[in-house]
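S.K.: Structure of the sequence below:
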Amino acid sequence: MGKLLIKLFVKDKDDTQNPEVRRQYGMLAGGFGIFCNIMLSILKIVIGILSGAFSIVGDAVNNMSDAASSIVTLISFKLSGKPADKEHPYGHGRLEYMSGFIVAVLVLAIALNLLKESIVHIIKETPINVSVVTIIILSCTILVKFYMSVFYMYISRKINSTAMRVTAVDSRSDCICTSVALISVIVMLVFKVNIDGYAGAIVALFVIKSGIEGAKDTTALLLGEGPGDELKEGIRSIVKEYPDIHEVHDLRVHDYGPGRTFASMHVEVDSRLGIIKSHELVDTIERRIVREGLVSEFTIHVDPVDEGDTFTIKTKDKVKELLKDICEDLSIHDFKIEGNEEKIDKIIFDLTIPYDFSMTDGEIEEKVKDKIKDLPGNPELDLYIDKS
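M.R.: Next comes the predicted model:
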């Protein structure tokens, strides 16, 4: 059924890098969620009121919050598909991440209230009246929610959407919640023991867990989550295919929403290649990386290196060796020397360190100064420290 809906409502369904296609997927998922959640909510409210089972009413309220979340998702996908404009030159794609965060907050708010009411029902036990019909209806709602979870997860993978993934996880949590309510009904029918309040509390805790995980995922994206290893290695592997590129560094990736990823990188090229040839080389690489869909825009900065300057190259290798005592993961680039073989006046270079490196920038600089002091002329150090 899901693939049929996609075929009917999503034009060019395989062109998932197209913002308009992503918008159509989001609108379909939002509309599907609104319809299913409202129907389930009405059904559960009727059952809950007739039976007096608070866990079922709580689950119905949870479904109503899911319907509200689907409305948020629908609106956000519509707005996030808007093209870039003067006020938003990088587009509106992050609205999709914001919708995921809003969904998570709504889920948490409903769950906390549900937990409070469940505790009240544990303290003041309320009699419930359930039947086999209740079991059948709850079992059907579990199947519907499971299908919704599968459908949302399929779309999330298809268009690489965090908001859809959050919604899929929420639907899966709903399956667990309704299953807990179902268990409480079965226990009441078979053993005549009322665990409805406890079931409601368990439902609330599952929903809280789902909300926290969703908020964590979307907050990371809104704050500017770093690129994954797969993307970094994909870019580097392409760049290294070109023999005129000697070293790469300072890879930066900026995510402005799905399909709106901008990246930049510095590459070292032999200065003897010339400005025109170097420009043609990086243009070729930039176009290829965008064409292969790794990012939507890629910029390369060329750092010319004089490969004929053997003294500078040997000194750079010597400094690299000295710095290994500080940390194996340190790397240096943009290496320059002022002076000559008899007396080096100044050494200038950029030093890249891991984000989790324990030393402060000041401590690192002092360590580097101590390492290079025995080079000819006890050179002055001009150091720029970067993290990667």
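S.K.: Can you point out the helix or strand that includes residue 42?
M.R.: helix 19-51 (DSSP states H and E).
S.K.: what's the following helix or strand after that helix?
M.R.: helix 54-80.
S.K.: Packing partners of the helix or strand just after that following helix?
M.R.: Counting by DSSP H and E, the next helix or strand C-terminal to helix 54-80 is helix 94-123. Where contact means 3 or more CB pairs under 8 Å, 6 or more residues apart in numbering; DSSP states H and E, helix 94-123 is packed against helix 54-80, helix 162-191, helix 196-223. Glycine gets a C-beta too; all of them are placed from N, C-alpha and C.
S.K.: Would you reformat the ones you listed as CSV and include mean neighbour count, mean pLDDT and distance to residue 133?
M.R.: Below are the helices and strands packed on helix 94-123 laid out as CSV (neighbours: other CB atoms under 10 Å; pLDDT from 0 to 100; distance: least, CB to CB, whole Å):
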stretch, mean neighbour count, mean pLDDT, distance to residue 133
helix 54-80, 23, 73, 12
helix 162-191, 22, 82, 10
helix 196-223, 20, 82, 17
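S.K.: Please identify which of these is closest to residue 346.
M.R.: Residue 346 lies closest to helix 196-223 among these, at 38.3 Å (CB to CB).
S.K.: continuing past that closest one, what's the next helix or strand?
M.R.: helix 229-239.
S.K.: Could you list the residues in contact with that following helix?
M.R.: Applying CB atoms under 8 Å, 6 or more residues apart in numbering, the contact partners of helix 229-239 are 245, 248, 251, 253, 263, 265, 267, 285, 288-289, 292, 294-295, 298.
S.K.: Okay, now the sheet partners of the helix or strand that that helix is followed by, with direction.
M.R.: Sequence order places strand 245-255 as the next helix or strand after helix 229-239, per DSSP H and E. Neighbouring strands of strand 245-255 in its sheet, by DSSP bridges, are strand 261-270 (antiparallel).
S.K.: could you give me the average pLDDT of the strand it pairs with?
M.R.: Computed over strand 261-270, the mean pLDDT rounds to 92.
S.K.: Go ahead and confirm residue 9 touches residue 30.
M.R.: No - using CB atoms under 8 Å, residue 9 makes no contact with residue 30, being 11.3 Å away.
S.K.: Pick out whichever of the two has more residues nearby.
M.R.: residue 30 (24 against 14; other CB atoms under 10 Å).
S.K.: Against residue 152, how distant is that one?
M.R.: Between residue 30 and residue 152 the computed distance is 10 Å (CB to CB, to the nearest Å).
S.K.: okay, the helices and strands packed on helix 94-123 in JSON lines with distance to residue 89 next?
M.R.: What follows is the helices and strands packed on helix 94-123, written out as JSON lines (distance: least, CB to CB, whole Å):
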{"stretch": "helix 54-80", "distance to residue 89": "15"}
{"stretch": "helix 162-191", "distance to residue 89": "23"}
{"stretch": "helix 196-223", "distance to residue 89": "18"}
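S.K.: So for residue 125, which of those helices sits nearest?
M.R.: It's helix 196-223; of the helices and strands packed on helix 94-123, that one is closest to residue 125 (CB to CB) at 6.8 Å.
S.K.: what about residue 347, how many residues close to it?
M.R.: Neighbours around residue 347, by other CB under 10 Å: 25.
S.K.: List the strands paired with the helix or strand where it lies, with their directions.
M.R.: Residue 347 belongs to strand 344-353 when elements are defined using DSSP H and E. In the sheet, strand 344-353 lines up against strand 331-339 (antiparallel), strand 380-387 (parallel) (DSSP bridges).
S.K.: Next, format the ones you listed as CSV and append mean pLDDT.
M.R.: Converted to CSV, those look like this (pLDDT from 0 to 100):
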stretch, mean pLDDT
strand 331-339, 88
strand 380-387, 88
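S.K.: Going by neighbour count, list what's buried in stretch 370-381.
M.R.: 371, 372, 375, 379 (16 or more other CB atoms under 10 Å).
S.K.: Ramachandran coordinates for the last one?
M.R.: Here is the backbone geometry of residue 379 (degrees, to the nearest 10): phi -70, psi 150.
S.K.: Excluding sequence neighbours, find me the nearest residue to it.
M.R.: Spatial nearest neighbour of residue 379, excluding adjacent residues (CB to CB, 6 or more residues apart in numbering): residue 344 at 4.1 Å.
S.K.: I'd assumed residue 374 was in contact with that neighbour.
M.R.: No - between residue 344 and residue 374 no contact is recorded; they are 11.1 Å apart, counting by CB under 8 Å.
S.K.: Could you check how far residue 119 is from residue 201?
M.R.: 7 Å.
S.K.: Kindly report the same for residue 145.
M.R.: 20 Å.
S.K.: Can you list the neighbours in contact with the helix or strand following the strand holding residue 347?
M.R.: For strand 344-353, the following helix or strand on the C-terminal side (DSSP H and E) is helix 361-372. If you take CB under 8 Å, 6+ apart as the criterion, helix 361-372 is touched by 319, 322-323, 325-326, 347, 351, 353, 357, 359, 379, 381, 383, 385.
S.K.: In ChimeraX, select just the buried ones from the residues you listed.
M.R.: Here is the ChimeraX command that selects the buried residues among the contacts of helix 361-372 (16+ other CB under 10 Å):
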select :319,322,323,326,347,351,353,357,379,383,385
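S.K.: Between the contacts of helix 361-372, which has the least confident prediction?
M.R.: residue 325 (79).
S.K.: so who does that one touch?
M.R.: residue 371.
S.K.: Tell me how far it lies from residue 373.
M.R.: In terms of CB to CB, residue 325 sits 14 Å off from residue 373.
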